[in-house]
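Trainee: Please find the sequence and the predicted model below.
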Protein chains: 4
Amino acid sequence: MKKIRILVTGGTFDKKYDELTGRLSFRDTHIPEMLRLGRCRLDVAVETVMMIDSLELDDHGRGQIVERVRSSDESAIVITHGTDTMVTTARAIADASLSNKTVVLTGAMVPYAFGSSDGLFNLGSALSFVQELPAGVYIAMNGQHFSWDAVRKNTETGCFEQVNSQ
Amino acid sequence: MKKIRILVTGGTFDKKYDELTGRLSFRDTHIPEMLRLGRCRLDVAVETVMMIDSLELDDHGRGQIVERVRSSDESAIVITHGTDTMVTTARAIADASLSNKTVVLTGAMVPYAFGSSDGLFNLGSALSFVQELPAGVYIAMNGQHFSWDAVRKNTETGCFEQVNSQ
Amino acid sequence: MKKIRILVTGGTFDKKYDELTGRLSFRDTHIPEMLRLGRCRLDVAVETVMMIDSLELDDHGRGQIVERVRSSDESAIVITHGTDTMVTTARAIADASLSNKTVVLTGAMVPYAFGSSDGLFNLGSALSFVQELPAGVYIAMNGQHFSWDAVRKNTETGCFEQVNSQ
Amino acid sequence: MKKIRILVTGGTFDKKYDELTGRLSFRDTHIPEMLRLGRCRLDVAVETVMMIDSLELDDHGRGQIVERVRSSDESAIVITHGTDTMVTTARAIADASLSNKTVVLTGAMVPYAFGSSDGLFNLGSALSFVQELPAGVYIAMNGQHFSWDAVRKNTETGCFEQVNSQ
């Protein structure tokens, strides 16, 4: 069985409701709980790189993510990431020319901790695509996969859509 | 975008709690609601073939499922199915030699209507595998995919596992 | 603060889905988890008397419940109970003439472990009524409370309703 | 059966996650859905007075709430309200000397739309207390009820607690 590494960076996936402040915040990732819920039996290593809203992710942070992709032993890598700048991070990874790895970024429009999240669907999807797609950098959202250079987030619908390769 | 047909046959996926009898039962499928929750944007047609517990599925019922696979225009087909006899149905489809179609059977260990279901994870997984796998008959459970002739359900763990091709 | 005892007898409240058998079953009570979820700060002692479907409750079992009510130090007692024979058990307790106690029976139409349960609403309601009602035996369901001798379960609607005292 | 009016003012109870902005917001109240889930059969009228975070509630807004209490035909009134300034609003209502009404304020620490809310428990509790308590102004949280002049929110624990009457 192919080994898979999940790099956790935060994003809506992992937002939780802080009942004392009444605000959304991050604490621990929900990925291990989600893998249990999905009865996932893949050989998966989960690693938290950071826990932030992707709007706050800068070049330094992106450098850290690229570095973790580069130094991972696994050739199949899923990255959980906020949707707002997911395409930017995908490009940063593609620019690093790690040509022997399949990297799939995914996220959620609604936090997993809330009843109506798309997170579990997207995680199941990303883990499946990463096993089958050839080396490259992809985004898996809405049941689809997109090449890093042919996708954008439609901020009006909240969905990802195909664009011509840039 | 590849067109996908989802054939619904019931199984744990779609069991609901009947509050008047206190028993588990079937009514309508939850698949359209799950696709909405997953913000799925694939070109999917959902068709209910039957709504039964897979332990009650006989040769006649399996024949109906095979026939629906055969007559579908789509070459990518996901079948939601009870886990108890999923392997038997997969074999029946494989025996029908529909060599140009990719057929992925999936299910759930806990009903979707209950809080802690693996259904959404499995649906995301099956819809992703069906887009990428070559023609053939597969089972997608636990984040993995198996060829129809190399899988069994471990009734003690509730998980599917690889066996040597038969 | 008035001390309250919760006697757990099973019923739909505590049914869970057994993923290996595909059937509904009982294991541990969900009451402590529900009290945590409700941020309940009452002085509550939880005691499991039995864990069964109330259709299987016979005179011997009812005798055990009556005995636990009698021997409890607390004068405020909530009993979680299957709805099918809740009225019968309420009568058995009333017949025991424990005239200094307020006893409130409650239950659920849908198991707590399933997403759409009325259990948490009913538990909040029963714990509130038991603090305010005078000594006597009551059923708290559907936001209402009924005297034990003026209530029946309408098996067609699944709701409890007032009848003339018997 | 006593008629009950529920005045909705917003608060954590009704916060939802806005998936396009990634922020918490208000839209419609969840109270009717919660009453359905609780299989509530009380004679309840639901009226939305406002939909705001209680930290943004000023004297003018409080005046509106007091006015709605005063002009309601029902003598039993439940108000859903943010927890941060619930005590202040309770005092404003008490100061208006509406001596023939039982008014119970309640709220939630976690939004109902999120999986782990105390909202349903609190709603069941408030609707029960309002039927039994004598005329006056109360807060129902954590399974308890408090007189308006003998309660504060402990901002460190997020729980309400008894204090000496002021």
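Mentor: Perfect, thanks for sending it.
Trainee: so is the residue lying farthest from the centre of chain A in a helix, a strand, or just coil?
Mentor: The outermost residue of chain A, judged by C-alpha distance from the chain's mean C-alpha position using C-alpha atoms, centre = their mean, is A:L20 at 28.5 Å. In three-state terms, and counting by DSSP: H, G, I helix; E, B strand; the rest coil, A:L20 is coil.
Trainee: how about it, what does it touch?
Mentor: Contact criterion C-beta atoms under 8 Å, 6 or more residues apart in numbering or on different chains gives D:T155, D:E156, D:G158 as the residues in contact with A:L20. Where C-beta positions appear, they are placed from N, C-alpha and C, glycine not excepted.
Trainee: How confident was the prediction at the second one?
Mentor: At D:E156 the predicted local distance difference test score is 92.
Trainee: what does the model give the closest residue to it other than its chain neighbours for pLDDT?
Mentor: On the basis of C-beta to C-beta, 6 or more residues apart in numbering or on different chains, the spatially nearest residue to D:E156 that is not a chain neighbour turns out to be A:L20, at 7.6 Å. Per-residue confidence (pLDDT) for A:L20: 90.
Trainee: Any figure for the gap between the closest residue to chain C within chain A and A:H30?
Mentor: Using C-beta to the nearest C-beta, the point where chain A gets nearest to chain C is A:G115, with a distance of 7.4 Å. For A:G115, the distance to A:H30 equals 13 Å [C-beta to C-beta, to the nearest Å].
Trainee: And A:N164, by the same measure?
Mentor: In this structure, A:N164 and A:H30 are 35 Å apart, going by C-beta to C-beta.
Trainee: Tell me which of those two has more neighbours.
Mentor: Here A:N164 and A:H30 are set side by side on neighbour count (other C-beta atoms under 10 Å in any protein chain shown), and the busier one is A:H30, at 23 against 6.
Trainee: shouldn't the more buried one be in contact with A:K15?
Mentor: No: between A:H30 and A:K15 no contact is recorded; they are 9.6 Å apart, counting by C-beta atoms under 8 Å.
Trainee: Please enumerate the shared neighbours of those two.
Mentor: When contacts are counted by C-beta under 8 Å, 6+ apart, A:H30 and A:K15 are jointly contacted by A:A113.
Trainee: Mind listing what's buried along stretch A:152-165?
Mentor: Using 16 or more other C-beta atoms under 10 Å in any protein chain shown as the test for burial, stretch A:152-165 gives A:K153, A:G158, A:C159, A:F160.
Trainee: Can you get me the start-to-end distance on it?
Mentor: In stretch A:152-165, first residue to last residue: 11 Å (C-alpha to C-alpha, to the nearest Å).
Trainee: Could you do stretch A:32-43 as well?
Mentor: Across its full length, stretch A:32-43 reaches 12 Å between end residues, using C-alpha to C-alpha.
Trainee: ok, is it in contact with chain C or not?
Mentor: No: taking C-beta under 8 Å from any C-beta of the partner chain as the criterion, stretch A:32-43 and chain C are apart, separated by no less than 8.8 Å.
Trainee: For that stretch, could you pull out the residues that count as buried?
Mentor: Taking 16+ other C-beta under 10 Å as the neighbour-count basis, stretch A:32-43 is seen to contain the buried residues A:M34, A:L35, A:L37, A:G38, A:R39, A:C40, A:R41, A:L42.
Trainee: Verify the contact between A:A126 and A:A76 for me.
Mentor: No: the criterion here is C-beta under 8 Å, and A:A126 misses it with A:A76 at 10.4 Å.
Trainee: Compare these two (neighbour count), which wins?
Mentor: For A:A126 versus A:A76, the count of surrounding residues by other C-beta under 10 Å is larger for A:A126: 27 against 24.
Trainee: The more buried one falls within a helix, correct?
Mentor: Yes: under the criterion used here (three-state DSSP), A:A126 sits inside a helix.
Trainee: So what sits opposite the spatially most central residue of chain A in the bridge?
Mentor: In chain A, the C-alpha nearest the mean C-alpha coordinate belongs to A:T80, at 2.3 Å (C-alpha atoms, centre = their mean). Each beta-bridge partner of A:T80 is listed here: A:V8, A:T106, as defined by DSSP bridges.
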